[in-house]
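A.B. asks: Attaching a predicted model along with its sequence, questions to come.
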Amino acid sequence: MTRPKGQKRFAEMKRMIKLTDARLKAKDRMKPKNHDKKQEKKNIGEITEKQVAPVTSALFFRYNTQLGPPYHILVDTNFINFSIKVKLDIIQSMMDCLYAKCTPYITDCVMGEIEKLGTKYRVALRIAKDPRFERLPCSHQGTYADDCIVQRVTQHKCYIVATCDRELKRRIRKIPGVPIMYLHGHRYTIERMPDAHGAPRI
């Protein structure tokens, strides 16, 4: 029985140009497979080198051995502002939280941020200029404190970071062995530090 001329064959596929066809443009053309196989054979015998970040000697697994009284606490701009809002004495509240002597540290960029806020935050500026607060000089350009604090904490594991900024807390959580102090229910609390017996348990 003959098939009518107009009728299509069953399950007939369209003819397609191969990706290696010369008629295709260079960007659409597929590279010949034998070239990749040769490259793979070469790479099998080779030893690949990886760059691994050096691990600090301050850590015993995740426990930071460099942390101990007197504690060195890096203070962020919003930590001072929130402390004023809830009427907390910064140094006294830190000592109540950690049951030990605490030395708050303020970087030049944090001081610059507070000065930029203007006269509305003059109380915060007066607290930041307290002689009990240690000043840390900054060598970088600008007054953006978050990058400075993260860089400092990565290099030196002896600091506790005091901040209420969510973004900064998220960045510091990625660095092992650095505790974060923040405000919770009109008190200071600290995370990632088992030795802080005065901190409220959440």
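C.D. replies: Here it is on my side, so go on. Given the structure is predicted, the values throughout are model-derived calculations rather than measurements.
A.B. asks: Report how many residues lie close to residue 52.
C.D. replies: 6 (other CB atoms under 10 Å). (C-beta placed from N, C-alpha, C; glycine too.)
A.B. asks: what does the one 4 residues further on give?
C.D. replies: Counted with other CB under 10 Å, residues neighbouring residue 56 total 16.
A.B. asks: gap between it and residue 90?
C.D. replies: As judged by CB to CB, to the nearest Å, residue 56 and residue 90 stand 28 Å apart.
A.B. asks: Show me what the mean pLDDT comes to for stretch 154-170.
C.D. replies: For stretch 154-170, mean pLDDT is 94.
A.B. asks: Lowest mean pLDDT among the helices and strands of this structure, which one is it?
C.D. replies: helix 33-45 (a mean of 59; mean pLDDT, DSSP states H and E).
A.B. asks: So what are the sheet partners of the helix or strand following that helix and their directions?
C.D. replies: Proceeding N to C from helix 33-45, the next assigned helix or strand is strand 59-60, under DSSP states H and E. Applying DSSP bridges, strand 59-60 is found paired with strand 63-64 (antiparallel).
A.B. asks: How about residues contacting the partner strand?
C.D. replies: Outside strand 63-64, the residues that touch it by CB atoms under 8 Å, 6 or more residues apart in numbering are 58, 157, 177-179, 194.
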